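Novice: Could you work out the structure for the sequence below:
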Amino acid sequence: GGGVVRGPVFFGHPFFFVGGPALGSPWPRWVTRGFRPYIPLIAHQLDAVLRQKRIPLAETPSLRKRDLEPLLDKLEIGPLYAIVVACFPWKVPRWLRVLPRFGALNVHPSLLPALRGPEPEFWALRLGLRETGVTVHLMDEGLDTGPILAQRPVLPEMTLPVLEQTLATVGGELARDAVHALAAGEAQPWEQVGDPTYAPTPSSYDLTVPTDLPAGWAARFVRAVAPVYAPLTVLVMATGQRLPVVDVVEFEERVTLPSPVELNGEIAAVRFSPGVARFRLAPGTSCQAG
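Specialist: Below you'll find the predicted structure:
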């Protein structure tokens, strides 16, 4: 009543919906857990969108009932019909999941049950997957485990930042459609089928590129994740040499080198198995055998 539009509450990384088609629908209340995107530009875009759409952004120190319930009451959201979670690293407690009429939805950037966990985009590139995508599912007691409402595949043939943006846009579309389907009584969730895989936060080992793998994989991986994780380490298996690299220049899969590494200024040609990749070294690199 009173002209207030009732709608979903969004929990998560604000980057996920900025610029996405979901903003074409009324999203009258956003709630995040009190952290900002690590990219300042995205934070600026979020603030601009919220001002334009007249959407209040509320921040809470925790998801405990004593902290969050008074905040929801203060926002005068009224009866909830959905909670949408995206790129949200904390488990949503049961009291909150059962609060809305249609439950709580999670937008996860992989084709579940593949790549459950916090970094599915990275692992799609690390594993050289030919296909990844986005899943919208109902939340249950587990993490990324509930019944699926919608999925859409995406080819991960791009850099990590572009892949994240692409999955964000697709996720926004799927979340919007899933909420409407639930409201219309047309949603038909299905259980996750198959053996799950996991996508943990990458360690230094996961950012290492060993030369006993193909040059094509090494080049594609470095090119994709270097904008976020550079410098990466190329580990020359024959010598133990470790090369910090920031980009790939080129690669050839049907050639080889007489020696494991050939240095030419800031460019290192590295022999893989099979093929050769040429990388741009990190500034100030002194390459010594390890």
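
Novice: Under the pLDDT cut-off, which ranges of the stretch 51-200 of the chain? List them.
Specialist: 55-60, 75-78 (pLDDT under 70).

Novice: quick one: which helix or strand includes the closest residue to residue 93 other than its chain neighbours?
Specialist: Leaving aside its sequence neighbours, residue 93 sits nearest to residue 63 (Cβ to Cβ, 6 or more residues apart in numbering; 5.8 Å). The way it works is simple: take the backbone N, C-alpha and C, and place the C-beta from them, glycine included. Under DSSP states H and E, no helix or strand contains residue 63.

Novice: got the residue ranges for the strands in the chain?
Specialist: Assigned by DSSP state E, the strands in the chain fall at 9-12, 29-32, 57-59, 83-86, 104-108, 132-138, 148-154, 208-210, 232-235, 242-252, 261-264, 267-271, 276-281.

Novice: Go through those strands and name the closest to residue 126.
Specialist: Residue 126 sits nearest to strand 208-210 of all those, at 9.9 Å, using Cβ to Cβ.

Novice: next one: the closest one to chain centre, how far?
Specialist: Chain-centre distance of strand 208-210: 22 Å, with Cα atoms, centre = their mean, to the nearest Å.

Novice: same check, this time on stretch 172-188
Specialist: 22 Å.

Novice: And for residue 200, the neighbour number?
Specialist: Residues within reach of residue 200, counting by other Cβ atoms under 10 Å, total 12.

Novice: May I see the strands of the chain arranged in a markdown table, with mean neighbour count as well?
Specialist: Output for the strands of the chain, formatted as a markdown table (neighbours: other Cβ atoms under 10 Å):
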| stretch | mean neighbour count |
| --- | --- |
| strand 9-12 | 23 |
| strand 29-32 | 21 |
| strand 57-59 | 14 |
| strand 83-86 | 24 |
| strand 104-108 | 26 |
| strand 132-138 | 25 |
| strand 148-154 | 18 |
| strand 208-210 | 17 |
| strand 232-235 | 20 |
| strand 242-252 | 19 |
| strand 261-264 | 14 |
| strand 267-271 | 21 |
| strand 276-281 | 22 |
